[in-house]
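Peer 1: starting from these lines, generate the structure:
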Amino acid sequence: MIQSIRYVTAFVLFMGWHGARVLFAAVTGVRQKTGGVYDDAARQWGKGMLRWTGIGVRVEGSQRLDPGVPTVYVANHASFLDIWAILAEVPGTVRFVYKKGMDWIPLMGLAMRAARHIPINRHNRSAAFAAYDEAATVIRGGVSAVVFPEGTRSRDGRLMPFKKGPFVLAIAAKAPVVPVFCENTYELMPKGSWSPKRGTIVLRIGEPIPSAVLSYEQRDELAQAARAALLALGAKE
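Peer 2: Predicted coordinates for the structure are as follows:
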């Protein structure tokens, strides 16, 4: 119970502070730039939540993280902790592709839109692909994207089937796909839990998978390659 109270308190306070920073920057016309307030607020939110809940992060394969190369990071999704660990440790300007339903969350939804994270309406195919086209333009402009190709958090920590959209995005942006396996996040805080355990998350970074020469028709091949890479990094089916 005490850990749950600590978690909820931290979530509200950190989200409120960093969300307000982003909204103030947007309202006052602060431009997006690498390392600026939009990047820093997200990174500090992730780091702050992890410190508050007693969770550390170890990165394996950090030499494969190049903030100078716009990238599509493809990660497994077993816990909300995945988001904070990636925010805290992946360098450069990084934006998440997220389901549009999260827009309803007070302050957080507004802040995500102000920071130009990318909402996807999965219930409307044409709208979803239009959003991916827009996201591809953003990536070509120097921003990296994080996608969870399973579409939602796993209920048992195992890798679920992949959606095709993230790989259409990578091909359209001509950006390399870098697999990121988030290890131990399910064990520390599974879906539905409000009481994270103390421990260490391991972010295991895979080799970049080129997509620049691929066509739309090869999206399934790219998805299979990314899935195989995540399994090789330690994910379970």
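Peer 1: distance-wise, check the closest residue to Ser144 other than its chain neighbours relative to Ser215.
Peer 2: With C-beta to C-beta, 6 or more residues apart in numbering as the criterion, Ser144 has its nearest non-adjacent residue at 4.4 Å, and that residue is Thr71. Yep, even glycine has a C-beta here, placed from its N, CA and C like the rest. As judged by C-beta to C-beta, to the nearest Å, Thr71 and Ser215 stand 20 Å apart.
Peer 1: for Met102, give me its contacts.
Peer 2: 108-109, 112, 119 (C-beta atoms under 8 Å, 6 or more residues apart in numbering).
Peer 1: kindly export the helix or strand of the chain with the lowest mean pLDDT (C-alpha atoms) in PDB.
Peer 2: The weakest-scoring helix or strand in the chain, judged by mean pLDDT, DSSP states H and E, is helix 125-140 (a mean of 81). Provided in PDB are the C-alpha atoms of helix 125-140 (Å, rounded to 0.1, in the frame of the first residue of the first chain):
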ATOM      1  CA  ARG A 125      -7.100   2.900 -40.800                       C
ATOM      2  CA  SER A 126      -6.900   5.900 -43.100                       C
ATOM      3  CA  ALA A 127      -6.300   8.300 -40.200                       C
ATOM      4  CA  ALA A 128      -3.700   6.000 -38.800                       C
ATOM      5  CA  PHE A 129      -1.700   5.800 -42.000                       C
ATOM      6  CA  ALA A 130      -2.000   9.600 -42.500                       C
ATOM      7  CA  ALA A 131      -0.500  10.000 -39.000                       C
ATOM      8  CA  TYR A 132       2.300   7.600 -39.900                       C
ATOM      9  CA  ASP A 133       3.000   9.700 -43.100                       C
ATOM     10  CA  GLU A 134       3.200  12.800 -41.000                       C
ATOM     11  CA  ALA A 135       5.400  11.100 -38.500                       C
ATOM     12  CA  ALA A 136       7.700   9.900 -41.300                       C
ATOM     13  CA  THR A 137       8.200  13.600 -42.300                       C
ATOM     14  CA  VAL A 138       9.100  14.500 -38.700                       C
ATOM     15  CA  ILE A 139      11.600  11.700 -38.500                       C
ATOM     16  CA  ARG A 140      13.300  12.700 -41.800                       C
END
